[in-house]
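Q: Make a model of this:
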Amino acid sequence: MNIAFLWHMHQPYYRDPLRGEYSLPWVRLHALKGYFDMISVLEEFPDIRQTFNLVPSLLRQLKDYANGEARDVFWEHTRIPAVELTPEGKKFILANFFMCNWDTMVKPYPGYFALLLKRGLKIPLYRLDDAISHFTSQDFRDLQVWFNLTWFGYRAREKKAGLHELLQKGRGFSEADKTLLLRIQQEIIQEVIPLYESAQSRGQVEISVSPFYHPILPLLIDWQHAARAMPKVRLPGSFIHREDAEAQINKAMEYYTELFGEKPLGMWPSEGSVSPELIPLVERAGVRWMATDEGILFKTLPDGSERACLYRPYRVRSQGSETMMVFRDRNLSDLIGFTYAKNAATVAANDLLNHFRNIQEAFPLDSSKGLILIALDGENPWESYPDGGRHFLRLLYESLSRDSTFRTVRIGDFLKEHPPEETLNDLYTGSWIDQNFRIWIGSPEDNQAWDCLDKTRSFLHRITAEASPSHPEKWQRAWEEIYIAEGSDWYWWYGGDFSSDNDEEFDRLFRTHLSYVYLLLDAEVPAFLKNPISLSQEIKPTMEPLGLISPMIDGKVTHFYEWREAGYFSPINYGGFMYREEGFISAIYYGFDLVHFFCRLDPIWKNLNQVPGLQFHIQFLAPRICRIAIPVQFPEENEPFFILSFSSSAGSESLKN
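A: Model (predicted):
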């Protein structure tokens with residue numbers, strides 16, 4: 001039986017067009033782990049064949065790093081000698097240099113874990129000023145080294161002299177150690193693309209592609225097509241731009257050909273998103289095959305179709321065009337992506353092999369014509385494996401190399417040897433998630449983001465249609481920013497489905513790319529791009545109350561445990577690293593005992609003093625509407641104090657403290 005692994009490698013485009021720098025480090029850091037490990041480990045298993053889907057927006061960034069043309073904010077904060085760090089630089093490092101899987105990438109290393117405990121497992125940004133005073137220059141240098149060191153995968157640690165010694169050293173790193181670390185990083189990144197190119201040239205891997213900036217193609221073709229799988233979806237308006245979908249495909253094909261010297265045969269459409277209208281576009285571009293999720297297949301086939309239908313290729317036709325398609329086994333793919341990391345490597349590898357055997361035994365026809373497709377994210381899962389997936393993958397590849405009942409194949413080779421015998425004439429419209437598009441469109445935040453894209457694109461189209469370009473290169477760059485903003489990742493993080501430590505930075509980058517369209521054309525950036533999209537939705541407490549509290553009401557934090565069980569909200573951004581100006585309140589604490597409700601406001605006096613007439617209001621909506629107004633007075637000779645005024649539907653009274 002044939003087994004095809006398709007590893008999807010992807011990152012959004014992190015380059016800030018205004019600053020010319022990369023604001024997030026994930027291309028650089030994933031290159032040291034997933035991208036390098038997954039291709040270089042195949043050198044040990046020459047009989048294993050695989051397919052890697054490399055998204056062009058990722059390849060372009062890897063190339064920039066390899067050529068020394070990309071520098072990200074995290075790299076810059078690593079490069080600075082620890083003794084020269086400013087207070088803001090120190091806060092940046094404490095807030096961001098533990099941004100990895102703590103269980104597998106921090107806790108196993110005593111030196112790194114000690115720094116995390118010293119900072120605190122949970123610390124809002126407004127406490128970082130206090131925290132930095134407890135860290136020495138040596139501590140900050142150790143943290144600079146550890147954050148970068150822990151991202152090196154097992155293959156880099158095996159092949160690169162110096163990494164093992166740094167891991168053994170554990171603490172007390174020197175600036176020379178840091179310089180060595182950054183030099184090895186650069187060496188690894190420079191090897192990544194050539195390794196994939198070499199593996200493809202020797203016939204061990206096939207490299208497929210996705211649309212350039214990873215857009216959801218059916219949504220570019222027509223927003224309304226989302227309603228096919230989501231009849232009750234609330235869409236932002238009308239957006240029909242088949243030409244953008246075609247441009248994203250063609251740009252990907254051209255860039256791939258420029259980089260690898262030949263056109264790709266296959267495509268993983270972004271997020272496995274497909275529709276019948278997509279077939280003519282990929283056929284014209286020369287794409288011979290596409291892959292997506294099994295859910296699309298079973299939504300396309302008649303109800304009651306047997307499971308065995310999954311393990312064969314299909315010809316898909318629409319509007320007089322056709323391409324070949326294969327569909328992934330979702331369960332087996334998810335086992336690798338989400339489950340096996342929690343199991344012993346031997347148990348996990350044997351379990352997957354047993355699944356292969358069970359499928360082979362149940363296959364109704366000649367199993368040599370069957371295909372088990374495992375397709376998943378090829379970079380993120382390995383952060384959850386204790387050893388980065390090293391033991392699991394080696395056991396799996398060793399078993400498949402010596403078991404003659406299975407053979408691993410490149411998808412293009414299999415389809416050439418076993419062309420589809422069945423045809424699908426009405427492909428279902430959907431993605432790999434729930435076979436719909438709810439992650440990317442339909443929520444208020446998603447729709448607001450799409451509306452921003454639509455307005456900006458309409459502005460650019462109007463300008464470019466009405467006049468001859470005085471600076472054609474600017475017009476070209478402006479359209480490039482539109483294509484970047486069409487990428488799926490921006491919409492992935494909007495809405496309530498997913499969240500990360502970098503949500504606000506994703507929001508800022510998305511709006512920056514659209515804003516740059518106006519700046520390139522010497523136009524004023526409109527107001528709708530100046531306000532964060534994510535802040536237009538419900539704001540929730542940073543932490544809910546954990547238990548009853550009974551603080552001493554004396555205007556002071558009398559002891560540490562007084563408010564420990566309270567809930568609190570921090571209006572200062574402590575998830576990302578783009579610090580805003582400080583406001584007037586650093587935190588709001590609240591809680592209760594069996595009789596009383598307590599509320600504590602932590603003001604920032606240096607800002608309060610600048611705003612006479614400042615007031616705060618606390619409003620309760622139930623069981624009856626009531627409001628507490630808190631004006632702030634500033635006597636010249638004394639500290640500021642609050643005047644509390646309480647009013648409700650039952651009456652009012654005033655307090656002075």
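Q: Domains in the protein, by residue range?
A: Domain segmentation of the chain under automatic domain parsing yields 444-536, 560-656.
Q: Give me the distance from the shortest one to the chain's centre.
A: Between the mean C-alpha point of domain 444-536 and the mean C-alpha point of its chain there is a distance of 18 Å (Cα atoms, centre = their mean, to the nearest Å).
Q: right, and Arg508 touches Asn531 too?
A: No. Taking contacts as Cβ atoms under 8 Å, Arg508 lies outside contact range of Asn531: 11.1 Å. In short, each C-beta sits where N, CA and C put it, glycine included.
Q: in stretch 225-234, what counts as buried?
A: For stretch 225-234, a neighbour-count test (16 or more other Cβ atoms under 10 Å) marks 225-230, 233 as buried.
Q: do the same with stretch 112-120
A: Those would be 112, 115-116, 119, for stretch 112-120 by 16+ other Cβ under 10 Å.
Q: just stretch 81-98 next, same as before
A: 82, 85, 89-98.
Q: just to revisit the earlier point, among the buried residues of stretch 112-120, name the ones in strands.
A: Using DSSP state E, no member of the buried residues of stretch 112-120 falls in strands.
Q: which one of the domains of the chain is the most hemmed in?
A: Highest mean neighbour count of the domains of the chain: domain 444-536, a mean of 18 (counted as mean count of other Cβ atoms under 10 Å).
Q: Can you give me every residue that contacts the nearest residue to Arg288 once chain neighbours are set aside?
A: Among residues not flanking Arg288 along the chain, Leu265 sits closest, at 4.6 Å (Cβ to Cβ, 6 or more residues apart in numbering). Shown in contact with Leu265 (Cβ atoms under 8 Å, 6 or more residues apart in numbering): 206, 208, 287-289, 412.
Q: what's the answer for Ala199, then?
A: Neighbours of Ala199 in contact, by Cβ under 8 Å, 6+ apart: 39, 42, 205.
Q: From Glu246, how far out is Phe212?
A: 11 Å (Cβ to Cβ, to the nearest Å).
Q: now, the most widely separated pair of the contacts of Leu265?
A: The two members of the contacts of Leu265 with the most space between them (Cβ to Cβ) are Glu206 and Val287, at 13.0 Å.
Q: residues shared between the contacts of the two?
A: Joint contacts of Glu206 and Val287 (Cβ under 8 Å, 6+ apart) are 265-266.
Q: quick revisit: if you count surrounding residues, which of Phe212 and Glu246 has more?
A: Phe212 (28 against 20; other Cβ atoms under 10 Å).
Q: list the contacts for the more buried one?
A: 55-57, 248-249, 251-252, 255, 483.
Q: Please flag which of those residues sit within helices.
A: 56-57, 248-249, 251-252, 255, 483 (DSSP state H).
Q: nearest residue to Phe97 other than its sequence neighbours?
A: According to Cβ to Cβ, 6+ apart, the nearest residue to Phe97 is Phe147 (3.9 Å).
Q: What is the burial count for that neighbour?
A: With other Cβ under 10 Å as criterion, Phe147 counts 24.
Q: and it, which of the three is it?
A: helix (DSSP: H, G, I helix; E, B strand; the rest coil).
Q: re earlier: any chance of the buried residues of stretch 112-120 in TSV, plus pLDDT and distance to His8?
A: Formatted as TSV, the buried residues of stretch 112-120 follow (pLDDT from 0 to 100; distance: Cβ to Cβ, whole Å):
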residue	pLDDT	distance to His8
Tyr112	98	30
Leu115	98	34
Leu116	97	31
Arg119	94	34
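Q: Now for these: which two are most distant?
A: Tyr112 and Arg119 (11.1 Å).
Q: so Met9 makes contact with Trp382?
A: No. Applying Cβ under 8 Å, one finds Met9 not in contact with Trp382, separated by 11.9 Å.
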